[in-house]
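Peer 1: what would the 3D arrangement of this be:
(one chain, ligands or ions: 1)
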Amino acid sequence: MSVSVDLSNKTALVMGVANGRSLGWAIAQQLLAAGCRVGFSYQGERLRPELDKLLAGKDGVWSQQADATSEADLVALFARVKEEFGHLDYLVHSIAYAPRQAMEGRFLDTTPEDWNTALQVSAYTLVSASRHAEPLLRDGGSIVSLTYHASQQVVPKYNVMGVAKAALEAATRYLAADFGEREIRVNTVSAGPMRTIAARSIPGFGGLYDKGARNASFGRNATPEEVGKLALFLLSDLGSGVTGQTMYVDAGLSIMTVKED
Ligand code: NAP
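Peer 2: Next up, the predicted model:
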């Protein structure tokens, strides 16, 4: 059975598309297919050609450079949202970063600088982007971010990024409480391992991906398309009544300990 979602009178901002493999792009594809108008932000001009290629020939789309840690960039980005759309229905936060050295050694050796960078980029930017979005968000709007199970259990080398994801999940609940009166929902999607640029920067990700496929209850990893579909559910009215949640789309990986041979 397929459920069709009509978002032709809706608007969205997707933050964090590096290329066609990005989970932000998987979500944007679902939004665009449902007729939503979508604006995109990307961190550096280096990424712009990739995004331009993805957006070529699509109606109702635009993009703007914005480093999510820069207050000035956020002011300019949300001014652009206002200019293009007048209001906002959906915000997608698909951004994470930790310095490589923080994911190579022991968690015990995390420096304050690396801790601050990882937590600021990967968790605080959800709070700051939501605050900038607040005056533009229509009642009943929805915010979705991306998290990972290393927030709950130790994943080798994920280190401070696991702490950042725990902060993101907690921030999701606090934001959901703040936005509750206007029924603006805030949720985070916990995706299984996916082959993206961000994932490639995690030492040993290849092994993690292969083991994930073997151990998941489905015997495979979840796909970016499945991430997109869960995000579409949470963003759209299908997810009305759901807020403050961390929802898994991992083909049953996080529920397993060890699978029988
Ligand atoms: P991705 O394609 O590399 O996307 C990450 C994006 O974050 C990139 O566009 C990156 O831009 C952007 N970014 C980093 N720092 C930024 C900043 N200061 N301002 C604005 N943008 C910034 O990788 P992805 O896997 O799709 O990651 C998207 C989200 O999914 C992340 O939250 C990630 O933790 C989460 N996630 C991924 C997996 C997985 O296995 N891939 C699993 C669970 C959750 P630059 O390229 O310019 O740095």
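
Peer 1: which other helices and strands does the helix or strand of the chain with the lowest mean pLDDT contact?
Peer 2: Here the helix or strand of the chain ranked lowest by mean pLDDT, DSSP states H and E is helix 197-200, holding a mean of 90. Based on contacts counted as 3 or more Cβ pairs under 8 Å, 6 or more residues apart in numbering; DSSP states H and E, there is no element that helix 197-200 packs against. To be clear about C-beta, it is placed using only N, CA and C from the backbone, and glycine gets the same treatment.

Peer 1: and it, how far out from the chain's middle?
Peer 2: 14 Å (Cα atoms, centre = their mean, to the nearest Å).

Peer 1: list the buried ones in the helix or strand just after that helix?
Peer 2: Once helix 197-200 ends, the next helix or strand along the chain (criterion: DSSP states H and E) is helix 205-215. Across helix 205-215, burial judged by 16 or more other Cβ atoms under 10 Å covers 205, 208, 209, 212, 213, 215.

Peer 1: next structured bit after helix 205-215?
Peer 2: Scanning forward in sequence from helix 205-215 by DSSP H and E, the next helix or strand is helix 224-235.

Peer 1: so which elements touch that next one?
Peer 2: Helix 224-235 sits against helix 23-33, strand 88-93, strand 137-147, strand 185-191, strand 246-249, with contacts defined as 3+ Cβ pairs under 8 Å, 6+ apart.

Peer 1: quick one: mean pLDDT over the second one.
Peer 2: So that's strand 88-93. Strand 88-93 carries an average pLDDT of 98.

Peer 1: before we move on, what about the last one?
Peer 2: The average pLDDT for strand 246-249 rounds to 98.

Peer 1: any bit of that strand sitting next to the ligand?
Peer 2: No. Judged by Cβ under 6 Å from any ligand atom, strand 246-249 stays clear of the ligand, getting no closer than 9.3 Å.

Peer 1: now that strand, how far from the centre of its chain.
Peer 2: 12 Å.

Peer 1: need the contact partners of it.
Peer 2: With Cβ atoms under 8 Å, 6 or more residues apart in numbering as the test, strand 246-249 has contacts from 147, 149, 151, 169, 172, 187-192, 222, 226-227, 229-230, 234, 254.

Peer 1: how about the residues of the protein by the ligand?
Peer 2: For the chain, the residues in contact with the ligand (Cβ under 6 Å from any ligand atom) are 16-18, 22-24, 43-44, 47, 67-69, 94-97, 121, 146-148, 191, 193-194, 196-199.

Peer 1: buried only: go through those residues for me.
Peer 2: 16-18, 22-24, 43, 47, 67-69, 94-97, 121, 146-148, 191, 193-194, 196, 198-199.

Peer 1: enumerate the positions of the longest helix anywhere in the chain that are buried.
Peer 2: For the chain, the helix that runs over the most residues, judged by DSSP state H, is helix 160-179. For helix 160-179, the neighbour count (16+ other Cβ under 10 Å) marks 160-169, 171-172, 175-176, 179 as buried.
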